[in-house]
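A.B. asks: give me a model of this one.
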Amino acid sequence: MCMQLLGGQRDKTPRDRRLRVRQIVTFLSFCASFIERAFTHKSFKTDPRASVFLRVALLEGRKPKMEKLRKAVRKGAVEEVRGLVLEGADVNALDKRGVNALHVAAEMNDLDLLDALLESPKADVNIVDQVQGWTPIVHCLCASGGDTSILRRLVKVPRCNLNVTDLDGNSALHWAAMLNQPDAVKLLITRGAPRNAVNNAKETPLHVALKEGNEETVEMLIEENVDVNAKNEDGKTALHVALSLRQVNLARRLLQSEKLDLDANVDAEGNTPIHLAVKEGLDGFVEKLVARGFSPDARNRAGFTAEELREQQVKEAEETAERHLAAKEERELRKRRQAEQEMNLSEVTRFCRNYGLADSVAEILYKKKFRYLDDAFFDLSSAMLKKFGLSNDDREKLEQAREDYLAKSEREKAATLEAMERATARRRTLLRLLGFVVVAIIFLLLYFGLELFIARDSRKRR
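C.D. replies: The predicted model follows:
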């Protein structure tokens, strides 16, 4: 049947091709179901040849069990999970989210559930998810809150590989150090986790523990003889990192390590720990570094000693402060100019200047939001002006200016009304004259028409 489906006559139309694909899928599903049932048959154990053929089991036939397993794991149904595992459900298969049953069980921190899954002979605790590249161990570390029961079970699996890293290159030990889980750190190192493994940024577990300020984990790592002189991608050792983050207690603990190499503690820019201590303003710690053997006269690649670096920092700080002050003054100047421009354009300011009032009067009125020659401005009482801070002389001048302005406005208004009345009278006179002219024209037309009619009638009678 398979040869008939695959080697038949060439399909002529898209409909024929779709039909052929449907037939092939149906056939493969049947084969997968058959192979799945064959796994439980006794011949699989007794006949060696049977295992060869049964290795071709297809994923389609396993999907129903995989789905059941995922649901059972999320429900925490231990017995159901155990039954599905005995039936051959694939505990390693990834779901649509990119995680498998082992990842979920580790994240749920459920030891019984994990034991049921690990009963599968094919259980692989090294498979990473497709989200962040985490193994079940990393999932367990992130969810355990420091409880190592799940971790102990996972590391006992014979095929457990503690060298597996995530997308950022972090191993399980990196994560334990990052999450400040000293018990997990000790357990992983005891089980063979590489204590000086580096991630994509060339950071060791000690580096990441220092970055998070995890004192207990740093203490544990130092006790486990990690390399305190290892450098990250910037050439910084653990001591550099501690000082850069102002972690004085951790830096003090690193200084106590007998394995601290003074010559190795120089970063990619040539800075010693003393340079960084000065840069971060940790002047009190410089004495401890000098007492430990670091030279205060060492120069970095830019040619500066720690003291010269301090002087440069002070100079740069002063220059920065001057720039900020200049920028602030510039902003204030722009604001003042803008305010002055707006004030100069206001009606009240022009009024004050036209009537010879002091500029201070215009400024006070502008600040009090009086911009227009409206009722609010003319209704200002002497008491209110006094409250604004105007002197007696300024108040009197302003009162007189307002009276003059109102009087002038009244005169201009009266003159305007008078001009309008004169214009109206002229228009009326012109209209009357025009009316007389029209009447005269009509009268003349009637007169000449009547004369013409009489003359024509006289000629007819003759």
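A.B. asks: tell me which element the closest residue to residue 293 other than its chain neighbours is part of?
C.D. replies: Nearest in space to residue 293, with sequence neighbours left out and distances taken as C-beta to C-beta, 6 or more residues apart in numbering, is residue 262 at 5.2 Å. In this view, the C-beta of every residue, glycine as well, is placed from N, C-alpha and C. Following DSSP states H and E, there is no helix or strand that holds residue 262.
A.B. asks: ok, residue 262 - contacts?
C.D. replies: By C-beta atoms under 8 Å, 6 or more residues apart in numbering, the contact list for residue 262 reads 292, 293, 294.
A.B. asks: what's the pLDDT at the spatially closest residue to residue 191 that is not a sequence neighbour?
C.D. replies: Of all residues not flanking residue 191 in the chain, residue 155 sits nearest, at 4.5 Å (C-beta to C-beta, 6+ apart). Listed pLDDT for residue 155 reads 95.
A.B. asks: and residue 155, how close does it get to residue 117?
C.D. replies: Computed with C-beta to C-beta, to the nearest Å, the distance linking residue 155 and residue 117 is 16 Å.
A.B. asks: quick one, which of the two is more surrounded?
C.D. replies: residue 117 (27 against 20; other C-beta atoms under 10 Å).
A.B. asks: give the contact list for the closest residue to residue 216 other than its chain neighbours.
C.D. replies: Counting by C-beta to C-beta, 6+ apart, residue 182 is the residue found nearest to residue 216 once chain neighbours are left out, at 4.7 Å. Shown in contact with residue 182 (C-beta under 8 Å, 6+ apart): 216, 217, 219, 220.
A.B. asks: outline the domain layout of this structure.
C.D. replies: 2-52, 63-295 (automatic domain parsing).
A.B. asks: most packed of the ones you listed?
C.D. replies: Most buried of these, by mean neighbour count (mean count of other C-beta atoms under 10 Å): domain 63-295, with a mean of 19.
A.B. asks: chain center to it, what's the gap?
C.D. replies: Relative to its chain's centre, domain 63-295 lies at 26 Å (C-alpha atoms, centre = their mean, to the nearest Å).
A.B. asks: before we move on, back to that, may I see the contacts of residue 182 arranged in CSV, with distance to residue 193, secondary structure and pLDDT as well?
C.D. replies: Converted to CSV, these look like this (distance: C-beta to C-beta, whole Å; DSSP: H, G, I helix; E, B strand; the rest coil; pLDDT from 0 to 100):
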residue, distance to residue 193, secondary structure, pLDDT
216, 18, helix, 95
217, 14, helix, 96
219, 18, helix, 95
220, 13, helix, 95
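A.B. asks: run through this protein and note the low-pLDDT ranges.
C.D. replies: Applying pLDDT under 70 to the chain flags the ranges 1-64, 462.
A.B. asks: give me the most central residue, it.
C.D. replies: With distances taken as C-alpha atoms, centre = their mean, the residue of the chain nearest its centroid is residue 132 (19.5 Å).
A.B. asks: helix, strand or coil: sort out that one for me.
C.D. replies: Under DSSP: H, G, I helix; E, B strand; the rest coil, the three-state class of residue 132 is coil.
A.B. asks: ok, it - contacts?
C.D. replies: Listed by C-beta under 8 Å, 6+ apart, the contact set of residue 132 reads 166, 167.
A.B. asks: that older thread, got the phi/psi numbers for the residue nearest to residue 191?
C.D. replies: With angles defined as degrees, to the nearest 10, residue 155 sits at phi -70, psi -10.
A.B. asks: go ahead and confirm it touches residue 187.
C.D. replies: Yes: look at residue 155 against residue 187 with C-beta atoms under 8 Å: they come within range, at 6.8 Å.
A.B. asks: shared neighbours, the two?
C.D. replies: If you check residue 155 and residue 187 against C-beta under 8 Å, 6+ apart, no residue is contacted by both.
A.B. asks: tell me how far residue 318 lies from residue 387.
C.D. replies: When distance is defined by C-beta to C-beta, residue 318 is 45 Å away from residue 387.
A.B. asks: what helix or strand does residue 124 sit in?
C.D. replies: Using DSSP H and E, residue 124 maps to neither a helix nor a strand.
A.B. asks: in space, what's closest to it - neighbours in sequence excluded?
C.D. replies: residue 92 (5.1 Å).
A.B. asks: and what about that neighbour, helix, strand or coil?
C.D. replies: At residue 92 the chain is in coil, as set by three-state DSSP.
A.B. asks: list the contacts of it.
C.D. replies: Contacts for residue 92 (C-beta under 8 Å, 6+ apart) come out as 100, 102, 122, 123, 124, 127.
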